[in-house]
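Novice: missing the sequence, but the structure's below:
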């Protein structure tokens, strides 16, 4: 799901609100670096603190980035039409599949190779809009421009080029302190599926052991859906640093079917 309003905001001075199920974190960036971060709990106290933050800071446009379990993905086909006709077809499908939410998004991912050569489309939505709406509403009420509402897994597709992930089958793994362990699979650089899992409490279980266990679950799921192309191995990119990255290197062994990066 990506909902975005057209704008000409200054991107060199950007702030992002990262929204998860139990908190929101505001990041102020300048020149590509994070300068400040503020954390707000997803309750009335946290929302009041967020309102105070909006009142006491400049009305810099707010980019809202969402990473929650309650995001649904559907692969579908629609007739090959364009313009207003395509928008109408997609809106009807979204209304039928994702009732009660305005946070939805659609991406046409090519055409079928046979038959009517219908368009293949990815439909996504945040199925619990109440996770996002309080933060959007607060920004609107205090005249802070909302540049857009973005899905972290959908947006992560733009990382592939930056990290040189050009393979047929790519699995991108990242860990966010505010949301958890995110695993997103791309085939031919197109988003196919994503899964968010909770991270264990610090010190209770080895993060490396937990990550490798979740990776194995997703790998079996991808095999059950026959999503992995036979034209190449599964290329696994893990975004991490520090001791965890060093520990992972000793557990991530390349094979004929899997390559770690």
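Specialist: Cool, the structure landed. Everything quoted here is computed from the prediction, not taken from an experiment. Numbers count the residues shown, from 1 in each chain.
Novice: please identify the helix or strand for residue 105.
Specialist: strand 104-111 (DSSP states H and E).
Novice: and that strand, what does it pack against?
Specialist: strand 2-4, helix 83-97, strand 119-126, strand 190-197 (3 or more Cβ pairs under 8 Å, 6 or more residues apart in numbering; DSSP states H and E). All C-beta spots, glycine's among them, are computed from the backbone N, C-alpha and C.
Novice: and it with strand 119-126, angle?
Specialist: 160 degrees (axes from the mean of the first three to the mean of the last three Cα atoms, to 10 degrees).
Novice: pipe the helices and strands packed on strand 104-111 into CSV and attach mean neighbour count, distance to residue 226 and mean pLDDT per row.
Specialist: Below are the helices and strands packed on strand 104-111 laid out as CSV (neighbours: other Cβ atoms under 10 Å; distance: least, Cβ to Cβ, whole Å; pLDDT from 0 to 100):
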stretch, mean neighbour count, distance to residue 226, mean pLDDT
strand 2-4, 16, 27, 42
helix 83-97, 13, 23, 95
strand 119-126, 21, 16, 96
strand 190-197, 19, 11, 96
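Novice: which one of the ones you listed lies closest to residue 257?
Specialist: strand 190-197 (17.6 Å; Cβ to Cβ).
Novice: pull the residues that contact the strand holding residue 105.
Specialist: Here strand 104-111 makes contact (Cβ atoms under 8 Å, 6 or more residues apart in numbering) with 1-3, 80, 86, 90, 93-94, 98, 117-126, 151, 154, 190-191.
Novice: how far off centre is it?
Specialist: 15 Å (Cα atoms, centre = their mean, to the nearest Å).
Novice: ok, and for it, which residues are buried?
Specialist: 104, 105, 106 (16 or more other Cβ atoms under 10 Å).
Novice: which one of the residues you listed sits closest to residue 179?
Specialist: residue 105 (18.4 Å).
Novice: pLDDT value on that closest one, please?
Specialist: You'll see residue 105 listed with a pLDDT of 95.
Novice: please renumber so the chain begins at 47
Specialist: Fine by me, first position is 47 from now on; the one you just mentioned is residue 151.
Novice: and the spatially most distant residue from the centre of the chain, what's its pLDDT?
Specialist: Farthest-out residue of the chain from its mean C-alpha position, per Cα atoms, centre = their mean: residue 161, at 32.8 Å. The per-residue pLDDT reported for residue 161 equals 84.
Novice: ok, it to residue 273 distance?
Specialist: 21 Å (Cβ to Cβ, to the nearest Å).
Novice: equivalent analysis for residue 226, please.
Specialist: 22 Å.
Novice: ditto for residue 91
Specialist: Distance from residue 91 to residue 273, by Cβ to Cβ: 43 Å.
Novice: higher neighbour count, those two?
Specialist: For residue 91 versus residue 273, neighbours defined as other Cβ atoms under 10 Å are more numerous around residue 273 (15 against 10).
Novice: my guess is the more buried one contacts residue 233. True?
Specialist: Yes. The pair residue 273 / residue 233 is scored as a contact, 6.3 Å apart, by Cβ atoms under 8 Å.
Novice: mind listing what's buried in the lengthiest helix in the chain?
Specialist: Criterion DSSP state H: the longest helix present in the chain is helix 253-270. Neighbour counts over helix 253-270 (16+ other Cβ under 10 Å) mark 253, 254, 256, 257, 260, 261, 264, 265, 268 as buried.
Novice: skipping its backbone neighbours, what lies nearest the fifth one in space?
Specialist: Sequence neighbours aside, residue 243 is the residue nearest to residue 260 in space, at 5.0 Å (criterion: Cβ to Cβ, 6 or more residues apart in numbering).
Novice: the last one now?
Specialist: If the residues on either side of it in the chain are set aside, residue 268 comes closest to residue 274, at 5.3 Å by Cβ to Cβ, 6+ apart.
Novice: for the one you found, give me phi and psi.
Specialist: Dihedral pair for residue 274: phi -80, psi 120, per degrees, to the nearest 10.
Novice: residue 245 looks like it's in a helix, true?
Specialist: No. Assessed by DSSP: H, G, I helix; E, B strand; the rest coil, residue 245 does not belong to a helix; its assignment is coil.
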